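Colleague: Take a look and give me a structure for this.
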Amino acid sequence: MKFTDYCLSSEGTDVIQATSSDEKYPPENITDGKSETFWTTTGMFPQEFIICFHKCVTISKLTIQCYCVQTLRIEKSVSKDPVDFEECIEKELQHKEGELQTEEFSFPEIQATYLRFIILSGFDAFVSVHRVIAEGITQDSENQT
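Modeller: Numbering: from 1, shown residues only. Below you'll find the model as predicted:
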């Protein structure tokens, strides 16, 4: 069994919603697989983005690379549309001056068609998200809800 990173645009994943957008730092940078590119917020909190897998996936570990994020909540949905989200985790992150925060979350295999990341607060007025990695396996189409 091979684990795959489902948070890549090359896997068909899209960022379908983000609360702020800057043409130099668009939300699509989150799924390009590069830590050097990023999405930046435009101030004020909360800020959020939603990742769509376009299929139900089973995730055992999530990793986020970000900068100046203080409080983060991650929610999941298995619906056909981005509704009915359930909280997976909410956490206070450690501030790392001048370097990326890399935070790993291990789960007992959660299923999701959508993930919503809500940045409740930051260590600065602006924060950035460089990459999200979702490791897991695809569910057969008959198991989708």
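Colleague: Low-confidence bits of this structure, can you list those?
Modeller: Of all residues in the chain, those with pLDDT under 70 make up the ranges 1-2, 137-145.
Colleague: Could I get the full set of strands for it?
Modeller: Along the chain, the stretches classed as strands by DSSP state E are 4-5, 14-18, 39-40, 47-67, 69-77, 86-92, 101-122, 128-138.
Colleague: And for residue 102, the neighbour number?
Modeller: Residue 102 is flanked by 15 other residues according to other CB atoms under 10 Å. In this view, the C-beta of every residue, glycine as well, is placed from N, C-alpha and C.
Colleague: how about it, what does it touch?
Modeller: 63, 64, 65 (CB atoms under 8 Å, 6 or more residues apart in numbering).
Colleague: JSON lines for those, including distance to residue 32?
Modeller: Putting the contacts of residue 102 into JSON lines (distance: CB to CB, whole Å) gives the following:
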{"residue": "63", "distance to residue 32": "15"}
{"residue": "64", "distance to residue 32": "15"}
{"residue": "65", "distance to residue 32": "12"}
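Colleague: I figured residue 45 hits residue 122, correct?
Modeller: Yes. Contact status for residue 45 versus residue 122: in contact at 6.3 Å, counting by CB atoms under 8 Å.
Colleague: which one of these two has more residues nearby?
Modeller: Neighbour count, other CB under 10 Å: between residue 45 and residue 122, residue 122 has more, with 24 against 17.
Colleague: The more buried one pairs with what?
Modeller: Listed by DSSP bridges, the beta-bridge partners for residue 122 are residue 69.
Colleague: How about residue 87?
Modeller: Beta-bridge pairing for residue 87 (DSSP bridges): residue 75.
Colleague: Kind regards, and thank you for your time.
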